[in-house]
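1. Sharing a model prediction with you, sequence too.
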Amino acid sequence: MHCLIYPTSIARHILRPLTLCLLTVIVAFAGEAPAQGLMEGEPSAYQERLQELLGAENQPAVIHFIDSLREQGHTGRELSWQYARALFLAGRLDMARDSLLMWEEDPDFRTRAESMLVQIAVQQRNHTDAIKYLIRLRDRYPENPVYPHRLARVFTSLNQLAAAEGQYALAYRLDTLNQPVMGEWADVLQKLGFTQRAYRTLRLGIAASPENLGFRRQMVALAYEMRKPEEAIGHTRYLLQLGDTTAQTVKLKAFSLFGLDSLDRAEYWIDHLMDAGMLGEDVLFYKGRILAARGEKDRAQEYFFDAARLCLSPNFNSFAMQAGVNLYETRQYTEAIRWLQMLRNFSHNPMITFYLALNYYEFYQDKGPALEHFRLFTEQSHREEEESHREFAFSKIREITGERHFRGE
């Protein structure tokens, strides 16, 4: 008899015939032969109740019911297993793990126990235990693709892509028709830069399942990356015909059309995205490229600036402004001017003009650029907190104009 969760004395059962009869029924329910010399009667109320709860998948009730049997001193090997299983299915993971650890060496239950222990480890982010059990299962059943597949997923979640790729390759060799394996393997291959292998894997996937939209979406992105615009367009056409108008599909169709110099068709899909409110930096960038390719440079520049702004951190303007101020204060005037002039393309903050004026004043003998920017600042600045800066700017304007007047300029 397997070591039980609720150990009881055999002598107690001998002294209590009614309890022994109940235990015999439970053992019979577990598929074990009843003890010799005892009649195997009709299913008991206990057995029927347990079957009912198991059939209803009411795990808390199963746990409560087995606990009540325990309190009466009844237990059994199968009953102990059902208890551990119910704890797992009920999400009582710590208690389930403790119960399942008792079955690691059991030849009948260890595989199921370790599979549950893997799921508990993954759920609790205990990747070390998950890997340990999955390697054990993989080595025990070397022809089963499930375990290397699950192991690959754990490695992927840890961003250990090289290790994941090896397990995906093994899972695929064991089952060349497993579509999730092919899709996930291709994704890892692409991230590792093995684009040709990812491409071949997806082609095998599409050949096995032409209607797998996931493969098609992956192939669109991969074909675009590999500069195969015709192939990317072919897959997007298939997806669009099936109603897949997701932004990623439409974007890559437009970008691929641009790569084929089909400007009107590319712009049609870019405008479709923009009309739908999809104003990502890549969409704006390609709108600019389309306009530039037509010679509309001024309009294109607006979209390029907008695309650049969207690429930046929301904190970019304040960070860059502080960097410009710091460069001025450390007398790095040339670098400060370059930095602040760049920042003007992304922000209309009048303080940028003010600090440009200061840098021009300090760096150039010709005070004309400084005068121009101090005046521009006074025109741009309206906020109360900038009052002291405006007063300083007016004082510099009077100073420079006075000096220029004195020199007869």
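-> Now that the structure is in, tell me what you want to look at.

2. Show me where the stretch 51-200 of the chain has its helices.
-> 59-71, 77-89, 93-100, 110-123, 127-140, 146-157, 161-174, 179-191, 195-208 (DSSP state H, counting those that start in this stretch).

3. nearest spatial neighbour of Thr236, skipping sequence neighbours?
-> Lys253 (3.9 Å; C-beta to C-beta, 6 or more residues apart in numbering). From N, CA and C alone the C-beta is placed, and that goes for glycine too.

4. surely the one you found meets Gly234?
-> No: the pair Lys253 and Gly234 does not pass the contact test of C-beta atoms under 8 Å, sitting 10.1 Å apart.

5. Looking at these two, which one has more neighbours?
-> Lys253 (26 against 16; other C-beta atoms under 10 Å).

6. Now for that one: which residues touch it?
-> 220, 232-233, 236-237, 240, 269 (C-beta atoms under 8 Å, 6 or more residues apart in numbering).

7. Okay, and it sits in which element?
-> helix 247-259 (DSSP states H and E).

8. what residues does the following helix or strand past that helix touch?
-> Going down the chain from helix 247-259, the next helix or strand is helix 263-275, by DSSP H and E. Contact with helix 263-275 is made by 247, 250-251, 253-255, 257-258, 283, 286-287, 290, 293-294, as judged by C-beta under 8 Å, 6+ apart.

9. Okay, angle between whatever helix or strand comes next after helix 263-275 and helix 247-259 too, please.
-> Going down the chain from helix 263-275, the next helix or strand is helix 281-293, by DSSP H and E. For helix 281-293 against helix 247-259, the angle by axes from the mean of the first three to the mean of the last three C-alpha atoms, to 10 degrees is 20 degrees.

10. Buried residues, helix 281-293. List them.
-> For helix 281-293, the neighbour count (16 or more other C-beta atoms under 10 Å) marks 282-292 as buried.

11. and that helix, what other elements does it pack with?
-> Counting contacts by 3 or more C-beta pairs under 8 Å, 6 or more residues apart in numbering; DSSP states H and E, helix 281-293 packs against helix 247-259, helix 263-275, helix 297-311.

12. what's Gly183 in contact with, if anything?
-> Contacts of Gly183 (C-beta under 8 Å, 6+ apart): 202, 205, 212, 214-215, 218.

13. got the contact list for the closest residue to Leu54 other than its chain neighbours?
-> Nearest residue to Leu54, sequence neighbours excluded (C-beta to C-beta, 6+ apart): Val62, at 6.3 Å. For Val62, the contacting residues are 50, 53-54, 82-83, 86, by C-beta under 8 Å, 6+ apart.

14. now that we have the contacts of Gly183, which one has the most neighbours?
-> Ranking the contacts of Gly183 using other C-beta under 10 Å puts Leu202 first, with 27 neighbours.

15. Grab the most central residue of the protein for me.
-> Ser157 (9.1 Å; C-alpha atoms, centre = their mean).

16. What separation do you get for that one and Met182?
-> Counting by C-beta to C-beta, to the nearest Å, the gap from Ser157 to Met182 is 19 Å.

17. likewise Gln190?
-> For Gln190 relative to Met182 (C-beta to C-beta), the value is 13 Å.

18. between these two, who's got more neighbours?
-> For Gln190 and Met182, the more surrounded residue by other C-beta under 10 Å is Met182, and the numbers stand at 27 against 20.

19. residues contacting the nearest residue to the more buried one once chain neighbours are set aside?
-> Take Met182 and drop its neighbours on the chain: the residue closest to it by C-beta to C-beta, 6+ apart is Gly205, 4.1 Å away. By C-beta under 8 Å, 6+ apart, Gly205 lies in contact with 179, 182-183, 186, 212, 215.

20. so which of the contacts of Lys253 is the most crowded?
-> Top of those by neighbour count (other C-beta under 10 Å): Thr236, with 27 neighbours.

21. can you state the direction angle for the helix or strand encompassing it and helix 263-275?
-> For Thr236, the host element (DSSP H and E) is helix 229-241. Interaxial angle, helix 229-241 versus helix 263-275 (the same axes, to 10 degrees): 50 degrees.

22. now for helix 229-241, which elements pack on it?
-> helix 213-225, helix 247-259.

23. from the middle of its chain, how far away would the first one be?
-> So that's helix 213-225. Counting by C-alpha atoms, centre = their mean, to the nearest Å, helix 213-225 is centred 18 Å from the centre of its parent chain.

24. surely Glu403 meets Lys367?
-> Yes: between Glu403 and Lys367 a contact is recorded at 7.3 Å, counting by C-beta under 8 Å.

25. Tell me which of those two has more neighbours.
-> Lys367 (19 against 12).

26. which ones are touching that one?
-> Lys367 sits in contact with 360-361, 400, 403-404, where contact means C-beta under 8 Å, 6+ apart.
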